[in-house]
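Engineer: Can you look at this prediction? I've put the sequence above it.
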Amino acid sequence: MAVISIERMGLLSVVCVCLLFSSAFAVDRGNFKTCDQSAFCKRQRALKPGQSPYRALLDTLELSDSRLTLQLINDNNKVHLLLELYRLQGNMTRVKINELKPLKPRFEVPDVLIAEPPTEPLSFLSKDENGIVLSLGAESQRLIVSARPFRLDIMEGPEVLLSLNSRGLLAFEHLRLRKDTQAQPDGAEVKESADGDQQQDEGEKDEDEDRDKEEDGLWEETFKSHTDTKPNGPTSISLDFSLPGVEHVYGIPEHADNLKLKTTDGGDPYRLYNLDVFQYELYNPMALYGSVPVMLAHNTQRTMGIFWLNAAETWVDISSNTAGKTVFGKMLDFVQGSSETPQTDIRWFSESGIIDVFIMLGPKPSDVFLQYASLTGTQSFPPLASLGYHQCRWNYNDQEDVKSVDQGFDQYDIPYDFIWLDIEHADGKRYFTWDPHKFSEPKEMLQGLMDKRRKMVAIVDPHIKVDSGYKIHNEITSKDFYTKNKDGGNYEGWCWPGNSGYPDFTNPEMRAWWASMFSYDQYEGSMENLFTWNDMNEPSVFNGPEVTMHKDALHGNWEHRDIHNIYGLYVQRATAEGQVQRSGGVERPFVLTRAFFAGSQRYGAVWTGDNAAEWDHLKISIPMCLSLGLVGISFCGADVGGFFKNPSTELLVRWYQTGAYQPFFRAHAHLDTTRREPWLFGPENTALIREVIRQRYALLPYWYQLFYHAHRTGMPVMRPLWVDYPKDTATFTIDDEYLIGRDLLVHPVTEEGSRGVTAYLPGAEEVWYDVHTFQKHNGVQNLYIPVTLSSIPVFQRGGSIIPRKDRVRRSSACMENDPYTLYVALSPKKFAEGELYIDDGYSFNYETKTGELIHRRLTFAKNALTSSNLCPDCKFLTSSWIEKVLILGASKPRKVLLKMDGKETPVDFEFDTSMSVLTLRKPGMNAGNDWTLLMQ
């Protein structure tokens with residue numbers, strides 16, 4: 001939930017804030033900074049491309065097996081920087097730049113990398129007074145360090161893949177003494193001259209003093225009524241990257257914008273700064289709830305990635321020499337023989353910290369995903385139930401309301417797995433508690449859900465009511481775990497409970513204590529089917545600058561400005577660890593977070609925040625989740641129906657159809673909206689919503705195996721077409737359709753009153769089958785599809801096998817032992833392959849040495865469908881069996897035989913001549929066994 005910013009709340013009740021929602025359904029852009037209003041962004045952007053003042057001091061070069069170090073000097077102020085270069089395993093290069101001798105340590109982001117990345121040897125190829133050339137190993141890759149001015153180029157053969165500081169925009173604001181006091185930053189180490197005298201270089205000192213006179217915002221900055229003190233002075237950093245041959249870049253979520261990133265010339269850069277933005281605007285670069293500083297660059301030859309590891313406020317500028325050119329203009333260039341190579345230039349700038357950047361050289365999209373996963377980890381493997389349908393609103397009123405909604409799903413025969421409780425369930429918004437009147441018997445409520453094999457999620461936000469009668473507040477206070485204000489007292493701000501404290505989640509002891517609060521003996525009323533939602537964890541501070549925490553608040557020795565974008569990650573991490581610990585390390589957690597950073601994929605799911613019941617918000621959910629998937633966060637969804645406002649019936653149905661084919665599938669609504677449970681819109685619409693939710697449940701085996709692969713390899717579950725068709729330029733800007741895994745293509749209907757959509761079907765010499773009609777279509781075409789309100793265009797790739805469970809029950813757990821139906825979609829060469837993955841759906845036992853799982857390879861070739869074991873050492877038993885096989889694009893056989901355990905048994909079949917669909921009925925083999933079906 002968002003809130004409109006209130007500059008001075010004083011004693012104004014937070015209830016009044018809620019009343020304001022209904023009268024102001026739009027973001028107040030004045031509450032959030034533009035680049036011109038952010039002092040460091042304005043300073044950095046004032047630097048224009050040109051000759052860099054930095055040069056490399058080649059005589060300081062040191063080369064070990066794993067790294068190269070080299071000093072850089074800024075000829076304008078004589079400040080020395082230390083450059084570190086690492087060649088990493090897996091075709092990656094790491095570049096770090098820090099002050100050689102800072103007055104005090106600068107912040108380096110912890111806890112995001114899963115380990116120190118393993119290195120490979122660097123070796124010299126050549127060296128002279130102009131620079132050095134290093135070998136990066138495979139494919140004739142070389143790293144060239146130019147000395148004057150300093151520049152880095154990564155080459156492969158004759159091609160430049162990427163250049164750093166080629167536009168001279170490296171800028172590193174060094175720590176310095178303030179001219180009016182000459183006071184040193186806390187814990188500062190003064191520089192010493194060669195003979196031991198404490199000093200600040202005179203040239204540097206003069207330049208700093210002149211600059212302090214000229215510029216505001218270096219040591220203090222005011223935005224609206226909030227003043228940000230800066231005891232360390234200006235500390236921002238910047239570096240530019242040039243990508244020859246690249247026109248398409250993606251990533252750096254979270255922004256409500258298209259998948260392909262736009263150039264930022266003439267407007268603001270993309271901003272990465274986790275903020276609680278009230279009903280965000282679309283198609284602009286404003287910051288939203290989460291930040292992942294990862295960008296992907298793609299062309300027909302290569303995919304690369306840039307990971308800028310910095311948790312401070314960050315802005316990203318993008319420019320291109322082809323920006324604004326029409327297709328005709330590009331054709332004209334070609335006809336006229338224009339030799340200009342397309343190029344995209346990127347510039348990152350952050351308010352504090354160091355430059356620590358990972359260059360992922362691909363070359364395939366899957367390589368980049370694996371490279372990034374090797375650094376920050378993969379998507380956590382969610383419990384199977386969390387891939388089902390979630391029913392939520394702010395708020396279900398009481399236990400009777402929960403019971404009534406639960407019964408409604410049974411009455412209308414609609415499956416669901418989770419019902420959610422928002423902030424009103426707690427006693428006065430004291431998290432880890434229950435309202436004693438409305439939710440007086442939480443265990444009874446939870447047991448009622450458990451009896452139906454369903455679950456609940458309750459919200460636990462990271463702002464803690466300041467109340468001496470509240471156990472959680474008292475314990476955090478006694479343990480001194482609250483974030484501090486700049487003067488050393490506990491930082492307090494206004495949020496839902498009123499005056500609130502903010503635990504310092506950067507402190508591992510605080511996180512361990514928080515995790516312990518989820519144990520069943522601490523979290524009163526909780527049971528094993530209660531899971532958690534972390535909202536407002538940017539963190540949201542209603543009366544703070546930009547509705548968040550003051551940058552000069554303190555987390556131990558570090559300012560909030562240094563760590564801001566990882567605060568939300570720490571909250572989700574501590575919560576997920578608490579869920580794991582409460583089960584003795586046996587059960588997988590489920591935690592939804594609103595704020596996130598690089599690495600958040602390891603801890604659960606995210607959603608796109610407080611959207612609105614508008615068609616454009618439905619459309620934007622697709623590129624927003626696609627962008628998150630590209631940077632490792634596969635478990636993404638949007639509030640079905642829109643959080644704010646009331647959707648039309650048509651919009652609601654279309655949103656269910658879209659959400660059912662996105663990874664995280666939850667309906668959610670604001671307190672002031674009318675109730676919108678699926679059966680409240682008349683029998684016809686109830687039937688449409690029921691049908692698409694049932695489609696989701698039938699496909700749960702496929703969703704689940706895709707998340708298993710995401711967990712193992714980093715491959716996104718929901719992904720742009722170009723990921724699997726990297727040479728097809730027609731796919732590079734498509735963001736109104738997408739792939740689920742390799743084998744399902746979805747084109748949701750997102751236009752009001754639509755009577756048809758045009759879907760691009762990729763793949764030369766490929767075919768696609770409409771999953772509803774089984775009609776076959778050739779690849780590499782724009783296919784017009786007539787639609788009605790019941791239509792959700794979905795296609796299965798020819799050459800694939802998808803397992804489904806077509807017996808849909810009230811929840812995913814109720815379907816555990818139900819049989820499978822295999823949908824075999826043949827390629828033009830009469831071939832298909834797929835997988836079947838089965839485990840217990842909730843525990844970590846799949847990770848044990850023996851592997852408590854079933855993983856089968858399904859192959860159709862030469863008129864035979866075979867199931868073979870991909871994990872012979874794994875031990876798991878299932879009661880599920882193969883009930884039916886549908887083979888699309890088949891020929892009619894004379895007979896079908898099941899070959900298993902050395903025996904051959906005839907199988908009943910039907911053949912639809914008009915659609916070339918062969919249906920095998922009840923072949924009856926166990927889903928975990930070896931078998932072959934022979935078509936003769």
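Structural biologist: Yep, it's here.
Engineer: Contact partners for residue 367?
Structural biologist: 90, 91, 303, 360 (Cβ atoms under 8 Å, 6 or more residues apart in numbering). In this view, the C-beta of every residue, glycine as well, is placed from N, C-alpha and C.
Engineer: rerun that using 7 Å as the cut-off
Structural biologist: residue 91 (Cβ atoms under 7 Å, 6 or more residues apart in numbering).
Engineer: That one: what secondary structure?
Structural biologist: For residue 367, the assignment made with DSSP: H, G, I helix; E, B strand; the rest coil gives helix.
Engineer: likewise the one 4 residues further on?
Structural biologist: Following three-state DSSP, we place residue 371 in the helix state.
Engineer: before we move on, what about residue 859?
Structural biologist: Taking three-state DSSP, the label given to residue 859 is strand.
Engineer: In contact with it, which residues are there?
Structural biologist: 833, 866.
Engineer: Distance-wise, check it relative to residue 867.
Structural biologist: From residue 859 over to residue 867 the distance is 8 Å, taken as Cβ to Cβ, to the nearest Å.
Engineer: from what I can see residue 282 touches residue 614, true?
Structural biologist: No. Contact status for residue 282 versus residue 614: not in contact, 8.8 Å apart, counting by Cβ atoms under 7 Å.
Engineer: how much space between the residue nearest to residue 730 when sequence neighbours are not counted and residue 249?
Structural biologist: Leaving aside its chain neighbours, residue 730 sits nearest to residue 760 (6.1 Å; criterion: Cβ to Cβ, 6 or more residues apart in numbering). Residue 760 is 21 Å from residue 249, where distance means Cβ to Cβ.
Engineer: Between the two, tell me which one has more neighbours.
Structural biologist: Taking other Cβ atoms under 10 Å, residue 760 and residue 249 do not tie; residue 249 has more neighbours (23 against 19).
Engineer: Distance check, the more buried one against residue 265.
Structural biologist: Distance from residue 249 to residue 265, by Cβ to Cβ: 14 Å.
Engineer: now residue 516
Structural biologist: 51 Å.
Engineer: Compare those two (neighbour count), which wins?
Structural biologist: Legend: neighbour count by other Cβ under 10 Å for residue 516 and residue 265, higher for residue 516 (16 against 11).
Engineer: That one contacts residue 510, doesn't it?
Structural biologist: No. Using Cβ under 7 Å, residue 516 is not in contact with residue 510, being 10.8 Å away.
Engineer: How many residues are close by residue 528?
Structural biologist: The tally of other residues near residue 528 (other Cβ under 10 Å) stands at 15.
Engineer: how much space is there between it and residue 586?
Structural biologist: 10 Å.
Engineer: Could you do residue 455 as well?
Structural biologist: In terms of Cβ to Cβ, residue 455 sits 16 Å off from residue 586.
Engineer: So for these two, which residue has more residues nearby?
Structural biologist: In this view residue 455 and residue 586 are compared by other Cβ under 10 Å, and residue 455 has more residues nearby, 27 against 12.
Engineer: So that one is in contact with residue 386, correct?
Structural biologist: No. Assessed by Cβ under 7 Å, residue 455 is found out of contact with residue 386, at 8.4 Å.
Engineer: Which positions within the helix or strand harbouring residue 795 qualify as buried?
Structural biologist: Secondary structure from DSSP states H and E places residue 795 in strand 794-797. Going by neighbour count (16 or more other Cβ atoms under 10 Å), the buried part of strand 794-797 is 794, 795, 796, 797.
Engineer: Read off the pLDDT value for the second one.
Structural biologist: At residue 795 the predicted local confidence, pLDDT, stands at 99.
Engineer: and residue 844, what is it in contact with?
Structural biologist: Contacts of residue 844 by Cβ under 7 Å, 6+ apart are 586, 588.
Engineer: For it, give me phi and psi.
Structural biologist: Main-chain dihedrals, residue 844, degrees, to the nearest 10: phi -90, psi 10.
Engineer: From residue 706, how far out is it?
Structural biologist: Counting by Cβ to Cβ, the gap from residue 844 to residue 706 is 19 Å.
Engineer: Would you map the helices across the stretch 551-700 of the chain?
Structural biologist: Using DSSP state H, counting those that start in this stretch, the helices found in the stretch 551-700 of the chain span residues 560-563, 567-582, 615-630, 649-659, 683-698, 700-713.
Engineer: The second one - contacts with which helices or strands?
Structural biologist: Yep, that's helix 567-582 we're talking about. Applying 3 or more Cβ pairs under 7 Å, 6 or more residues apart in numbering; DSSP states H and E, one finds that helix 567-582 contacts helix 508-516, strand 530-534, strand 591-593.
Engineer: Quick check: which element contains the residue nearest to residue 730?
Structural biologist: Of the helices and strands defined by DSSP H and E, residue 760 is found in strand 756-761.
Engineer: pLDDT of that strand, averaged?
Structural biologist: pLDDT averaged over strand 756-761 equals 98, rounded to a whole number.
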